[in-house]
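> Quick check, what structure comes out for this input:
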Amino acid sequence: MKSIGVIGAGTMGSGIALASALAGYDVVLNDISDQFLQLAYRNIGALMEKATEKGKLSVQDATAAALRIPTNSHFEHLKTCELVIEAAVEKLE
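Below you'll find the model as predicted:
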C-alpha cells in the first residue's frame, strides 16, 4: 500500500495524515472546507516544527512528510487511495 486518504481535517484527521506521511505514505487530506484544510496544514506544520526543535524529527524528514500531504475538498482525489479513513465530525443537522 502506498496511498491513504483521510476525510476530515480536524485534530484526529490531521494527526492520522501526519502519522501516515511520516511513515512514508502518500496522503490525501480531504475536508469540505478549504479554510479547515489550511488550518490543518498549519497545525501539522507546527507539530513538525516542535518535533524538529526537540530533535525527534529531522528537517529533511519533516519536509518530505509535508510534501506527501496534499489537501483537497473534492472527493474525486480519493479515487487513487488504497485506503480511506473517515475522521469527520458527525453533525446531524
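> tell me how far the helix ranked longest in the chain is from the chain's mean position?
Using DSSP state H, we find that the single longest helix of the chain is helix 34-53. In this view, helix 34-53 has its centroid 9 Å away from the chain centroid, taken as CA atoms, centre = their mean, to the nearest Å.
> Stretch 3-20 too?
From the chain centre to the centre of stretch 3-20 is a distance of 4 Å (CA atoms, centre = their mean).
> Could you export it as CSV, CA atoms only?
Output of stretch 3-20 as CSV, limited to C-alpha atoms (Å, rounded to 0.1, in the frame of the first residue of the first chain):
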residue,chain,number,x,y,z
SER,A,3,-1.6,5.9,-0.6
ILE,A,4,-4.0,6.8,2.2
GLY,A,5,-6.9,9.2,2.1
VAL,A,6,-8.2,10.9,5.2
ILE,A,7,-11.6,12.5,5.3
GLY,A,8,-11.8,15.2,7.9
ALA,A,9,-9.0,17.7,8.7
GLY,A,10,-9.7,18.2,12.3
THR,A,11,-7.4,17.2,15.2
MET,A,12,-7.8,13.5,14.6
GLY,A,13,-7.7,13.6,10.8
SER,A,14,-4.7,15.8,10.8
GLY,A,15,-2.9,13.5,13.2
ILE,A,16,-3.7,10.5,11.1
ALA,A,17,-2.5,12.3,8.0
LEU,A,18,0.8,13.4,9.7
ALA,A,19,1.5,9.9,11.1
SER,A,20,0.8,8.3,7.8
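> if I look at the closest residue to residue 43 other than its chain neighbours, how far off is residue 42?
In space, and not counting its chain neighbours, residue 43 is closest to residue 14: 5.6 Å by CB to CB, 6 or more residues apart in numbering. Yep, even glycine has a C-beta here, placed from its N, CA and C like the rest. Using CB to CB, to the nearest Å, one gets 10 Å for the distance from residue 14 to residue 42.
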